[in-house]
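J.: What would the 3D arrangement of this be:
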Amino acid sequence: MSEATAYLVLGVLAAAAAGLWAWRRYHPVSFWYGVGFPVRVVRVYLTWRSVASGCKLTRRKRAWRITLDAIPVVGPAARSAATVVEQKRRVRRVDVEQAPRLGLMLPTSYGWRLRVKLLDGQIPDDFAKVAERFAHSWRVHGVRVLEHKPGRITLFATRRDPLRLVSVPGEATELLVVRPGVLENGEVWLIDFRTVPHWMIVGATQSGKSNLANAIIKALAAQPVAIIGFDLKGGVEFTPYAPRLSALATTRKESVDLLAELVAEVEARMATCRAHGARDIWKLPESVRPVPIVALVDEVAELFLMADKSEKDEVAKTGTALLRVAQLGRAFGVFLIICGQRVGSDLGPGVTALRAQLSGRVCHRVNDPETANMALGDLDPAALEVARSIAPETPGVAVVAGQDGSWHRARAVHVSEEAAEQAARDFAALTPSWDDLTGGAPAIDAA
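T.: Numbers count the residues shown, from 1 in each chain. Predicted coordinates:
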C-alpha cells in the first residue's frame, strides 16, 4: 500500500468516526436504532449461552450427536513416514448444555425487550434473582423481568436511567387522567382514576410526596371535577388551593362531618343510578350525570391517632366512612387519594382494611420499613426491596404499583407550589360548590 493510499484510508476512517460521533451526539435516538441497537443484538445473541451458564440458568441434557473419531490405520496400509488417520462418523449420546431459548429482540427508546422461553422447571423468579448479572454482562443500567405468559418471560433492559433527568410529559386531555412524570422504561407515568380509582401515597419529608400532590392538583384543576381536601395540618398544605376546592376540612371534627356528607352523596348517586337502570354514573345520561369528586387526604395518620379514649368514636366514624367511600366510590364517581409520611398497622385495623381498598400505591423514600410494607408488602416483595433502597438524593423517585399487580420505578416532574396555586386560581371558575354537589348546606367552607 502506497503512502497516499494509507493517508486516504486514515482520512476516511477519521471522517467516519467523526460522523458517527456527530450522529450519536446530535441525533441519539436515530443513532440508537440505526447503529447501537443492531450492535447490541449481535452481542446479546452471541453471548447468551455463556451469560445464561454464568447465571446458572442452563441445564445438562442427554442428546444424540454425530461425532468424528480419529482412528489410526495400521498394517500394510500404514506408511512409514507418518501414521495414517482415518475419520469415521459415529452416533453417540452425549451431554450438552441447554440454555433457555431466546425470542425476537425488539428495541425501545431506552433499551430493548427480549422474550425468553423458560426451560422445564424454571420460573420467572429464577431470572429476577440474576437480573443484576444480566445488567453487568450486557453493560446496561438495569434489567427487569416481567412474566409474559406461563413458560415465557420478557426481559426489559434500559441502557441508562430515564429517571435521572425527567422532562415534563405534557398535560393529559382525558378526564380523570394525570401524567405526573415518567416510568423507568421511559414511558409516561399515568394515573387514571377510572382504571385505578383509589391511591395510597406515602413518603418521608423531602421525598417528593408533596410534589406529587401538587402535580395531581395542578392537572385536575383544569378538568371538570370537584376536589375536596382533608388537611390535618391545620390547613397549611391545602388552603393555598382553596379557590379550586369545593370543601376543605382542617380538623378531625370537620373531617368526620365532611366524610358523612360524602357518604351521603355516594348513596344519593347510588339511588340515581338505580332509578335510571345504570350500573355506574358513566352510563347515566349527561343531563343527570353528577360531577366526579376527588378527595385528597393529607397525613392520614392524624385521622386515626387517639390521645385518649374520648376520641375513639371519632376515629371509628372516620375509618368507617373512608372505607365505605373506598368500597362504593368507583362506580359513583368518587375517588380517594390517601397521603401520609407514616402509615402503619399500629394505627388500628381501620387503616389495614382501608389499605386493601386502595389498589393504586405510590411509595417514595420512607423512614420506617413498616410504612413501605403497608404500601407494597401485600403486592410484591421485589417492589418492597426496591422502595427501601431509594436514595435520599433522588427526590420524586417512587415505586408505583397498580391494580394489575405490576410495579415500576417512577419519578414525578417538579411542580412548584406556586405553579399549583396559580392553576387553582386560573381554574377557580370550574369549582362546583359543595351545596350544588350535595343538594344541601355545605359541611365545610373551602374559602
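J.: Can you list the low-confidence ranges for the protein?
T.: Confidence mapping of the chain against pLDDT under 70 gives the ranges 1, 62-96, 168-170, 172, 307, 310, 403-405, 440-447.
J.: quick one, domains of it?
T.: 28-58+99-160, 60-96, 177-438 (automatic domain parsing).
J.: Check those for me and report the most buried one.
T.: domain 177-438 (a mean of 19; mean count of other Cβ atoms under 10 Å). Yep, even glycine has a C-beta here, placed from its N, CA and C like the rest.
J.: now the end-to-end length of that one.
T.: Its start and end residues considered, domain 177-438 measures 24 Å (Cα to Cα, to the nearest Å).
J.: Can you give the distance from it to the centre of its chain?
T.: The chain centre lies 17 Å from the centre of domain 177-438; the measure is Cα atoms, centre = their mean, to the nearest Å.
J.: that older thread, kindly reformat the domains of the chain as CSV containing distance to Ser167.
T.: As requested, the domains of the chain are exported to CSV (distance: least, Cβ to Cβ, whole Å):
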stretch, distance to Ser167
domain 28-58+99-160, 13
domain 60-96, 49
domain 177-438, 7
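J.: Those: which one's closest to Ala14?
T.: Ranking the domains of the chain by proximity to Ala14 (Cβ to Cβ) places domain 28-58+99-160 first, at 17.5 Å.
J.: ends of the closest one, how far apart?
T.: 13 Å.
J.: Kindly report the same for stretch 156-174.
T.: Stretch 156-174 has an end-to-end distance of 28 Å (Cα to Cα).
J.: any residues touching it, and which ones?
T.: With contact meaning Cβ atoms under 8 Å, 6 or more residues apart in numbering, stretch 156-174 is reached by 32, 36, 108, 110-114, 134-135, 138, 140-146, 178-179, 181-186, 188-190, 192, 219, 222, 394, 396-397, 409-413.
J.: how about a cut-off of 6 Å?
T.: Identification of contacts with stretch 156-174 by Cβ atoms under 6 Å, 6 or more residues apart in numbering yields 110-113, 140-144, 179, 181-182, 184-186, 188, 397, 411, 413.
J.: next one: stretch 267-286
T.: The contact list for stretch 267-286, computed with Cβ under 6 Å, 6+ apart, reads 289-290, 331-333.
J.: Inside helices: which ones of those residues?
T.: With helices defined by DSSP state H, no entry of the contacts of stretch 267-286 lies inside them.
J.: I'd like those laid out as JSON lines, including distance to Gly19.
T.: Output for the contacts of stretch 267-286, formatted as JSON lines (distance: Cβ to Cβ, whole Å):
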{"residue": "Arg289", "distance to Gly19": "59"}
{"residue": "Pro290", "distance to Gly19": "61"}
{"residue": "Ala331", "distance to Gly19": "59"}
{"residue": "Phe332", "distance to Gly19": "61"}
{"residue": "Gly333", "distance to Gly19": "57"}
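J.: Taking these together, which two end up most distant?
T.: Arg289 and Ala331 (12.7 Å).
J.: Spatially nearest residue to Val400 (excluding sequence neighbours)?
T.: Leaving out its chain neighbours, the residue that sits closest to Val400 by Cβ to Cβ, 6 or more residues apart in numbering is Ala410, at 4.5 Å.
J.: Find the helix or strand that that neighbour is a member of.
T.: Using DSSP states H and E, Ala410 maps to strand 407-412.
J.: show me what contacts Lys317?
T.: Here Lys317 is in contact with Val256 (Cβ under 6 Å, 6+ apart).
J.: Which secondary structure state is assigned to it?
T.: Assigned with DSSP: H, G, I helix; E, B strand; the rest coil, Lys317 falls in the helix class.
J.: Please name every helix or strand in contact with the helix or strand where Leu220 lies.
T.: Using DSSP H and E, Leu220 maps to helix 209-221. Using 3 or more Cβ pairs under 6 Å, 6 or more residues apart in numbering; DSSP states H and E, the elements in contact with helix 209-221 are strand 177-183, strand 407-412, helix 417-426.
J.: Next up, the contacts around the residue nearest to Val196 when sequence neighbours are not counted.
T.: Nearest residue to Val196 in three dimensions, chain neighbours excluded: Gly360, at 4.1 Å (Cβ to Cβ, 6+ apart). Contact analysis of Gly360 by Cβ under 6 Å, 6+ apart lists 196, 199, 402.
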